[in-house]
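>>> okay, predicted coordinates and the sequence, questions at the end:
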Amino acid sequence: MAESIAFTPSASRATIYAELLPQIRALIGAESDLVANLANTAAVLREAFGFFWVGFYLEKDGELVLGPFQGTLACTRIKIGEGVCGTAFAKRETLIVPNVDEFPGHIACSSASRSEIVVPLFARRGTPFGVLDVDSDQLDDFGPDDKTGLEAIAELFRN
Ligand code: SME
């Protein structure tokens with residue numbers, strides 16, 4: 001297994017996502033365990049971009065339950081349709097929230113989180129089975145390049 005991930009620290013986010021994608025694909029292609037692969041993906045994203053919080057929630061019995069993550073202590077359960085994570089899951093689409101204080105029902109796991117992007121993970125038949133959640137301590141930190149980059153990474157987990 002790879003021991004490190006190579007990327008250009010000073011490059012644009014789009015370039016870094018492009019550099020990471022084949023490496024994450026290779027990393028998870030060599031391992032069949034979902035939790036192990038989500039854990040390494042969270043670590044890679046945090047290392048490459050320095051995001052405040054990167055992690056996954058997985059659907060279990062009608063709720064989203066905290067999965068592998070990198071960052072501070074987080075809420076363990078989120079109802080489908082609630083918060084940014086539960087809303088992205090229910091709507092089956094990526095949500096970018098430039099200012100979490102302006103998102104009705106935002107669930108504040110940390111007061112340091114200012115903006116957020118949540119990308120659903122889909123099973124092969126198209127139903128969602130979880131979300132990738134990235135939080136920033138900067139306002140308005142996520143844009144189209146993050147959406148494209150993170151959706152491509154989420155696509156690697158289609159199962
Ligand atoms: N803010 C999220 C909850 C998860 S934490 O950010 C890690 C939400 O509103 O769904």
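Nice, I can see it.

>>> my read: Val134 touches Gly149, true?
No. Counting by CB atoms under 8 Å, Val134 stays clear of Gly149, with 10.2 Å between them. To be clear about C-beta, it is placed using only N, CA and C from the backbone, and glycine gets the same treatment.

>>> may I see the buried residues of stretch 112-126?
By 16 or more other CB atoms under 10 Å, the buried positions in stretch 112-126 come out as 113-122.

>>> ok, and of those, which contact the ligand?
For the ligand, the contacts drawn from those by CB under 6 Å from any ligand atom are 113, 116.

>>> among the buried residues of stretch 112-126, name the ones in strands.
115-122 (DSSP state E).

>>> return the residues of this structure in contact with the ligand.
53, 74-75, 78, 83-85, 106-107, 109, 113, 116, 133, 135.

>>> now, which of the residues you listed lie within strands?
53, 78, 116, 133, 135.

>>> can you pick the most crowded of those?
Asp133 (30 neighbours; other CB atoms under 10 Å).

>>> show me what contacts that one?
Each residue near Asp133 by CB atoms under 8 Å, 6 or more residues apart in numbering is listed here: 53-57, 84-85, 116-118.
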